[in-house]
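1. Need a 3D model of the following:
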Amino acid sequence: MPLQPLQPNWHLRLRRWAGVLRAHGWFPHLPLALLLAGGTVSLLRTDLGDDWQHYVALLMDRQFDLRPGVLPPLLIGLGLLITAVGLLMRSRLAWTMAVLLVIAALASLTFGIHHNVVLLIYFALLLLALVFAWQQFDRSSLAASTLFAFTSVAMLVMYATLGSYYLGAEFSPPIKDLVTALYYAMITMTTVGYGDIVPRTQDARLFAVSVVVLGVAVFATSLTAVVAPMMKRSLQRIVSHKGRTMKRKDHYVVIGNTSLAINTWRELVKRGQPVTRLLRDAPADGEPSDVDIVVGDSSDVDVLRQAGAHEAKAVLAMRDDDAENAFAVLAVKELGGSARTVAAVNDARHLSRIRLVQPDVIIAPQVLGGELTAMLLTGEKVTADFVLQRVFQ
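-> Got it, this is the predicted structure:
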């Protein structure tokens, strides 16, 4: 049966099967990357023929003696192949660029010279799969974002420059060299438009429109992708500075802000144990200043590493979503280290699924409530062994 959190049914089924297959480390980014790469090769063969590698080699060797019609599909194909690598790293920027390039591929298949209905349907279904899986691409590494932003801008500059050069005779005055083509490309991409070079034909005007639209989209996406991780790190630094500076080693990591998580954290602190709290959202201003806090996604390996989960005594996943607790345990195991894992279960129907991720301890205090109440009301004997067995599964 599906889990209970208020999320769309398809997302619940996806998470359930991902947990059953222990697919957190490869699903869905690996299949999507492979599907994207395979579709890209078919797209290049459709537009350029079986010798499409020859055109790629010419472009890489900076030999620009290519037909004008070759350039758009070649750049779209190269962009898709590069983006497929980014999907393997679950990069949010790579996902964004993949969606944009798949839309460009659909436009190329629809309005281009070569029509392939099967490939058109393939990319349409791939676009839907990317949209459905958008939450799985949540990595916003500054290095990866900067790399893909630079790659996107470089490809756009290449497209605009070479396109202007090949269509040079259709401008007034004509563009006869690559330097002038680069100048026109930069002026058009940045929407400055001095007006000293003007497109005169329909093809040239459509090309100029495409450069403006792509320029705005790529620059906005790239800027957001680079600035967002920097702002996120700054906010996390501000939150961390509000708390205590603690050496995160041989400590406990308590995940969640539920009553069970808060009480466990307090009891550990009372016993003199170092504890780091891992929360999805920044705490309120009323949070004590001596609490060591990390803010982020508990299923993200980078966030767990920041919380020192790989050097902790134990990691306790105590959120109110059983699926999130299971994913946190999987991420801790992926991270490595000797930390014991504790998973809280809020619904008895999920016990068998939580066991699939093999935490060291499963604690189910809320599951005990109904059974214990019924036993007390019916006069059944309640023993300490019974309570321990039901609480610690």
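2. Number of residues surrounding the residue nearest to residue 176 when sequence neighbours are not counted?
-> Among residues not flanking residue 176 along the chain, residue 168 sits closest, at 5.9 Å (CB to CB, 6 or more residues apart in numbering). (Glycine included, C-beta is placed from N, CA and C.) When neighbours are defined as other CB atoms under 10 Å, residue 168 has 19 of them.
3. just the one 3 residues further on next, same as before
-> Around residue 171 there are 21 other residues, counting by other CB under 10 Å.
4. i'd like the first residue to be 18 from this point on
-> Sure, I'll start counting at 18 from here, so that last one is residue 188.
5. Next up, the contacts around the residue nearest to residue 193.
-> In this structure, residue 185 makes contact with 191-193, 197-198, judged by CB atoms under 8 Å, 6 or more residues apart in numbering.
6. Now compare those and name the two farthest from each other.
-> Spanning the widest gap among those are 191 and 198, at 10.7 Å by CB to CB.
7. of the two, who's got more company?
-> Neighbour totals were compared for residue 191 and residue 198, and residue 198 leads with 22 against 12 (other CB under 10 Å).
8. List the contacts of the most centrally placed residue in the chain.
-> Centroid-nearest residue in the chain: residue 154, 1.6 Å away (criterion: CA atoms, centre = their mean). Residue 154 makes contacts with 46, 104, 107-109, 111-112, as judged by CB under 8 Å, 6+ apart.
9. between the residues you listed, which is closest to residue 147?
-> residue 112 (6.6 Å).
10. Now do the contacts for that closest one.
-> Residue 112 neighbours (CB under 8 Å, 6+ apart): 103-104, 147, 151, 154.
11. Among those, find me the one that's closest to residue 314.
-> residue 154 (12.2 Å).
12. The nearest residue to the closest one once chain neighbours are set aside and residue 148: what is the separation?
-> Excluding the flanking residues, the one nearest residue 154 by CB to CB, 6+ apart is residue 112, at 3.8 Å. For residue 112, the distance to residue 148 (CB to CB, to the nearest Å) stands at 10 Å.
13. next one: residue 233
-> 22 Å.
14. Which residue ranges of this protein form strands?
-> 188-189, 215-216, 269-272, 292-296, 309-312, 331-334, 357-361, 378-380 (DSSP state E).
15. Can you say which of these is nearest to residue 134?
-> Residue 134 lies closest to strand 215-216 among the strands of the chain, at 32.7 Å (CB to CB).
16. Domains of the chain: list them as residue ranges, please.
-> Per automatic domain parsing, the structural domains of the chain span 26-255, 263-408.
17. pLDDT averaged over the first one, what's the number?
-> In other words, domain 26-255. What domain 26-255 shows for mean pLDDT is 77.
18. Next, report how far it is displaced from the centre of its chain.
-> Distance of domain 26-255 from its chain centroid, counting by CA atoms, centre = their mean, to the nearest Å, is 17 Å.
19. Kindly check the end-to-end length of stretch 177-196 for me.
-> Start to finish, the residues bounding stretch 177-196 are 12 Å apart (CA to CA, to the nearest Å).
20. if we can go back for a sec, would TSV of the strands of the chain with distance to residue 141 be doable?
-> Below are the strands of the chain laid out as TSV (distance: least, CB to CB, whole Å):
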stretch	distance to residue 141
strand 188-189	35
strand 215-216	32
strand 269-272	39
strand 292-296	39
strand 309-312	38
strand 331-334	38
strand 357-361	39
strand 378-380	43
